[in-house]
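> Take this sequence and fold it.
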Amino acid sequence: KAHTWEKIPWIINEWKKLTNGRPFLIKGIQCVEDAVKALEIGCDGIVVSNHAGRQVDGAVASLDQLPEIVDAVGKKMTIIFDSGIRTAADIFKALALGAHCVGIGRLWVYGLSIRGEAGVRHVMKSLLAEFDILLNVAGYNSVRELIGSRGGSLRHVNDYGGSVCLNTPLLSLLCENTINTYKNPV
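Numbering: from 1, shown residues only. Modelled structure (predicted):
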């Protein structure tokens, strides 16, 4: 059963009590109006995702919605992108379009099902190696540099041929830490 917006403040309050004040994020945001509503009712962040979109044929593409959502709330709350991530190029695009960090969805599950923990490590190292190569080929030395370039030459072209300029400078400490973990594995 789906929750209504009216119930979310109670859920946030209960979450904060149970977790000693940890951030509350809501998943499945697909439009600016919902992102603004999530901010207004007290969410600390959102997860832009067509949550279970593979079951909803014809749903709007989350990546197409990301730039507008970032413009509306990106400076006021955390934005995680978690929709259709399969490659480093998908991660690159989501970060370039304004996500603070990116969820990798089911990729790690594939590695887990084949080789357990070693499989997960292999998938993550491969993904991070691919991302590192992509950053370098695109002319960036770090995630921080990629994110700092928003509003410059990076642009998103929508399905109608219109261009959306990326102009939200944000830092991605989580993603930067992930890259550092790849370079200095545990």
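
> For T19, give me phi and psi.
phi -110, psi 10 (degrees, to the nearest 10).

> just the one 10 residues further on next, same as before
Here is the backbone geometry of I29 (degrees, to the nearest 10): phi -80, psi 130.

> Mind jotting down where the helices sit in the protein?
8-18, 32-40, 62-73, 88-96, 107-137, 143-148, 173-183 (DSSP state H).

> By mean pLDDT, show me the worst of these.
Lowest mean pLDDT within the helices of the chain: helix 173-183, a mean of 36.

> Figure out which of the helices of the chain is closest to V48.
Taking Cβ to Cβ, helix 62-73 is the member of these nearest to V48, at 5.3 Å. Where you see a C-beta, it was placed from the backbone N, CA and C, and this is true even at glycine.

> In CSV, list the helices of the chain along with distance to F24 and mean neighbour count.
Converted to CSV, those look like this (distance: least, Cβ to Cβ, whole Å; neighbours: other Cβ atoms under 10 Å):
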stretch, distance to F24, mean neighbour count
helix 8-18, 5, 13
helix 32-40, 10, 17
helix 62-73, 15, 21
helix 88-96, 22, 20
helix 107-137, 24, 15
helix 143-148, 24, 18
helix 173-183, 17, 14
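
> Mind putting those helices into CSV with distance to L25?
Below are these laid out as CSV (distance: least, Cβ to Cβ, whole Å):
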stretch, distance to L25
helix 8-18, 10
helix 32-40, 9
helix 62-73, 12
helix 88-96, 16
helix 107-137, 19
helix 143-148, 19
helix 173-183, 13
